[in-house]
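> please find the sequence and the predicted model below.
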Amino acid sequence: MRALPGSTPVTRAVRIIPDRRFPFLSLARARRNLLVLAVLVVLCETFDGPVALTLLLALVGAAIPFAVALLGGADMVRALFLMPPRPNDLQPKG
């Protein structure tokens, strides 16, 4: 692929996703799904549901924070669980 006249070729990698924020990751939806799965696990255990179903629901529920961590990092996981930021992040740097 050739560069257009008067332009310079790209010599460095282009950052596709700025600032590690993903517009397709909805924390509200992840929270809702996590809550629904937790309720379903409790109901499954309470009413003697199949063990395989209970384990599957628990594994899917455990995978949500893991997926959020992979996509957005530790800050997104803190936001998922509505935890306040770390005290070190609140102090001005300088």
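Great, that's in hand. What you see is a predicted model, and the numbers here were worked out from it, not measured in a lab. Residues are numbered from 1 along each chain as shown.
> low-confidence stretches in the chain?
Judged by pLDDT under 70, the chain has its weakly predicted residues at 1-24, 84-94.
> just checking, what packs against the longest helix along the chain?
Secondary structure assigned by DSSP state H gives helix 51-72 as the longest helix of the chain. For helix 51-72, the helices and strands in contact under the criterion 3 or more C-beta pairs under 8 Å, 6 or more residues apart in numbering; DSSP states H and E are helix 27-46, helix 74-80. Where you see a C-beta, it was placed from the backbone N, CA and C, and this is true even at glycine.
> in the shortest one, what's buried?
Using 16 or more other C-beta atoms under 10 Å as the burial criterion, the residues of helix 74-80 that qualify are 76-78, 80.
> ok, now the first one?
For helix 27-46, the buried set under the neighbour-count rule, 16+ other C-beta under 10 Å, comprises 30-31, 34, 37, 40-41, 44.
> out of those residues, who's nearest A69?
When the buried residues of helix 27-46 are compared for distance to A69 (C-beta to C-beta), A30 wins out at 11.2 Å.
> could you measure from A74 over to L34?
17 Å (C-beta to C-beta, to the nearest Å).
> kindly apply the preceding question to T46 instead.
19 Å.
> let me have the helices and strands packed on helix 51-72 in JSON lines, extended by distance to A58.
Below are those laid out as JSON lines (distance: least, C-beta to C-beta, whole Å):
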{"stretch": "helix 27-46", "distance to A58": "5"}
{"stretch": "helix 74-80", "distance to A58": "17"}
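> to I64, which of these lies closest?
helix 27-46 (5.0 Å).
> element containing L25?
Secondary-structure assignment from DSSP states H and E places L25 in no helical or strand segment.
> just list the residues touching it, thanks.
Neighbour list for L25: 68, 71-72, 76 [criterion: C-beta atoms under 8 Å, 6 or more residues apart in numbering].
> at 6 Å instead, please
Residues touching L25, when contacts are defined by C-beta atoms under 6 Å, 6 or more residues apart in numbering, comprise L71.
> how about V41?
Going by C-beta under 6 Å, 6+ apart, the list of residues near V41 reads 57-58.
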